[in-house]
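Undergrad: Return a 3D structure for these sequence lines:
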Amino acid sequence: MTVTVIIPTYKPDKKFRSLIEMLTSQTRKADRVVIMNTEERFWKDSFMDGLENWEVHHLSCAEFDHGKTRGEGAKKTDSDILLYFTQDAVPADEKVLENLLRPFENSKVGAAYARQLPAEDCRLAEQYTRSFNYPDKSRIKTKEDIPVLGIKAYFCSNVCAAYRRSIYEEMGGFISRTIFNEDMIMAAKMMQAGYAVVYAAEAKVVHSHNYGYVQQFRRNFDLAVSQAEHPEIFAAVSSESEGIRLVKSTAAFLMKQGKPWLIPDLIISSGFKYLGYKMGRKYKRLPHSWIRHLTMNQAYWEKE
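TA: Numbers count the residues shown, from 1 in each chain. Okay, here's the model as predicted:
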C-alpha cells in the first residue's frame with residue numbers, strides 16, 4: 001500500500017521540525033508528504049530539510065477549515081492510505097507508520113488512529129487524561145460496539161490517524177465545513193456503513209496541551225457546536241456520562257498519587273469544560289457577538 005502523510009500547519013515551530021525529523025527515520029517511509037500551510041509568510045522550506053518527496057500548498061486563514069483543508073490535501077495524492085498528523089504530534093519512535101498501517105491488512109478497516117502520550121511538561125491530571133483516552137491496549141471498533149462504548153465508539157483523532165482512501169472516498173471524504181470533529185464524523189460514517197475503526201496503541205505520538213480554564217471552555221464549546229450541527233451522528237450517543245466518568249477517575253488517580261490538593265483545580269477545570277459544552281450545544285440561541293467571544297475558532301463564524 002502506498003501512503004501519503006498530510007499535515008496542516010500554521011506558524012510551524014520546533015515541534016513541527018521534530019515531527020519531520022522523526023518522519024525521516026521511520027522504518028516505513030511515507031511515499032509522499034503534503035503540507036497544507038496557512039499563511040505563507042510563516043513558512044520556511046528549511047523546515048523540511050532531510051525529507052524527500054514533499055510539497056507545500058499555501059492558503060489563507062479565511063480558507064482554512066478542519067475538514068475541507070484535510071480533504072484538499074487528500075485530493076493532491078492518489079495514495080492507498082491517507083495519514084494525517086497535526087504539526088505538534090511528534091512520533092515517539094521509528095515505528096509509528098509501520099504500526100499504524102498494520103491494521104489495514106484487514107480489508108474491513110477504514111481508519112486507524114494512534115496512541116497519544118503526554119509531553120514532559122504535561123500536568124499530572126492531563127497525563128492521566130491521556131492514559132484514560134489512549135490506553136495501552138489496541139481495539140477494533142465496529143457498530144456493534146456502539147451500545148457498549150457510547151460516544152467513544154466514534155472516537156478517532158486526526159492528531160495522528162490513517163484512512164483507507166477507497167473507503168474514505170466512499171464516505172464522501174471529510175465534511176467540507178466543520179469547526180471540529182471531522183475525524184469522529186468520518187469514523188462514525190465508516191462504522192455505520194459496516195466498516196471498522198482501529199485504535200492502534202502500538203503507534204505512539206507525543207502530544208498534549210496544558211490548557212487554561214478559558215481555553216478548556218472554548219475548546220469544549222467548539223466540540224459541542226460540532227455535535228449540535230451533526231445530530232444524525234451524535235444525538236443517539238451521550239458525551240456527558242463519559243465526561244463525568246473521566247472526572248471521577250482522575251480524582252481517584254490524584255488521591256492515589258498522594259496529591260489531593262490538585263483536585264480543586266480538576267473540579268474548576270471540569271466546570272469550565274462542562275459550561276463550555278452546555279453553551280456550545282445551545283449555540284443557536286446565542287447572539288452572534290457572544291459566540292465570537294466563546295469560540296476558539298473565530299474564523300469559522302466569519303464564513304457563515
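
Undergrad: mind checking the SS state of Gln116?
TA: strand (DSSP: H, G, I helix; E, B strand; the rest coil).

Undergrad: which of the residues in the lengthiest strand in the chain are buried?
TA: As assigned by DSSP state E, the longest strand anywhere in the chain is strand 196-206. Buried residues in strand 196-206, counted by 16 or more other C-beta atoms under 10 Å: Ala196, Val197, Val198, Tyr199, Ala200, Glu202, Ala203, Lys204, Val205, Val206. For glycine as for every other residue, the C-beta is placed from the backbone atoms N, C-alpha and C.

Undergrad: Who does that strand pair with, and is each partner parallel or antiparallel?
TA: Strand pairing for strand 196-206, determined by DSSP bridges: strand 90-91 (antiparallel), strand 109-117 (parallel), strand 139-141 (antiparallel).

Undergrad: returning to that earlier point: between the buried residues of strand 196-206, which is nearest Tyr84?
TA: Taking C-beta to C-beta as the measure, Tyr84 lies nearest Val205 of the buried residues of strand 196-206, at 11.3 Å.

Undergrad: can you give me the helices for this protein?
TA: 14-24, 66-75, 96-101, 124-133, 146-149, 165-170, 182-192, 213-229, 231-234, 240-256, 263-281, 288-294, 298-302 (DSSP state H).

Undergrad: out of those, nearest to Phe85?
TA: Closest to Phe85 of these, according to C-beta to C-beta: helix 14-24, at 6.2 Å.

Undergrad: just the CA coordinates of that closest one, formatted as CSV?
TA: Provided in CSV are the C-alpha atoms of helix 14-24 (Å, rounded to 0.1, in the frame of the first residue of the first chain):
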residue,chain,number,x,y,z
LYS,A,14,10.2,23.3,16.9
LYS,A,15,7.7,20.5,17.4
PHE,A,16,6.9,20.5,13.7
ARG,A,17,10.6,20.3,12.9
SER,A,18,10.9,17.3,15.4
LEU,A,19,7.9,15.7,13.6
ILE,A,20,9.7,16.0,10.2
GLU,A,21,12.9,14.6,11.7
MET,A,22,11.1,11.6,13.0
LEU,A,23,9.4,11.0,9.6
THR,A,24,12.9,10.7,8.1
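
Undergrad: For it, buried residues please.
TA: Judged by neighbour count (16+ other C-beta under 10 Å), helix 14-24 contains these buried residues: Lys15, Phe16, Arg17, Leu19, Ile20, Met22, Leu23.

Undergrad: how about the residues you listed in CSV, adding distance to Leu100?
TA: Putting the buried residues of helix 14-24 into CSV (distance: C-beta to C-beta, whole Å) gives the following:
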residue, distance to Leu100
Lys15, 19
Phe16, 19
Arg17, 21
Leu19, 14
Ile20, 17
Met22, 13
Leu23, 12
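
Undergrad: what angle separates the longest strand of the chain from helix 124-133?
TA: 150 degrees (axes from the mean of the first three to the mean of the last three C-alpha atoms, to 10 degrees).

Undergrad: my guess is Thr77 meets Ala30, correct?
TA: No: counting by C-beta atoms under 8 Å, Thr77 does not reach Ala30; the two are 10.2 Å apart.

Undergrad: list residues touching both of the two?
TA: Counting by C-beta atoms under 8 Å, 6 or more residues apart in numbering, the residues touching both Thr77 and Ala30 are Thr4.

Undergrad: shaky segments in the chain?
TA: Applying pLDDT under 70 to the chain flags the ranges 303-304.

Undergrad: go with 80
TA: In the predicted model, the chain carries pLDDT under 80 at residues 238-241, 303-304.

Undergrad: Domain-wise, how is it divided?
TA: 3-206, 213-302 (automatic domain parsing).

Undergrad: So for Gln192, what's the nearest residue that isn't a sequence neighbour?
TA: Lys143 (5.9 Å; C-beta to C-beta, 6 or more residues apart in numbering).

Undergrad: can I get the buried residues of strand 196-206 in TSV with distance to Ala299?
TA: Formatted as TSV, the buried residues of strand 196-206 follow (distance: C-beta to C-beta, whole Å):
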residue	distance to Ala299
Ala196	34
Val197	29
Val198	32
Tyr199	31
Ala200	32
Glu202	36
Ala203	31
Lys204	31
Val205	26
Val206	28
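
Undergrad: Out of the residues you listed, which is nearest to Met186?
TA: Distances from Met186 to those, taken by C-beta to C-beta, are shortest for Val197, at 9.1 Å.

Undergrad: Find the nearest non-adjacent residue to Arg70, please.
TA: Phe174 (5.3 Å).
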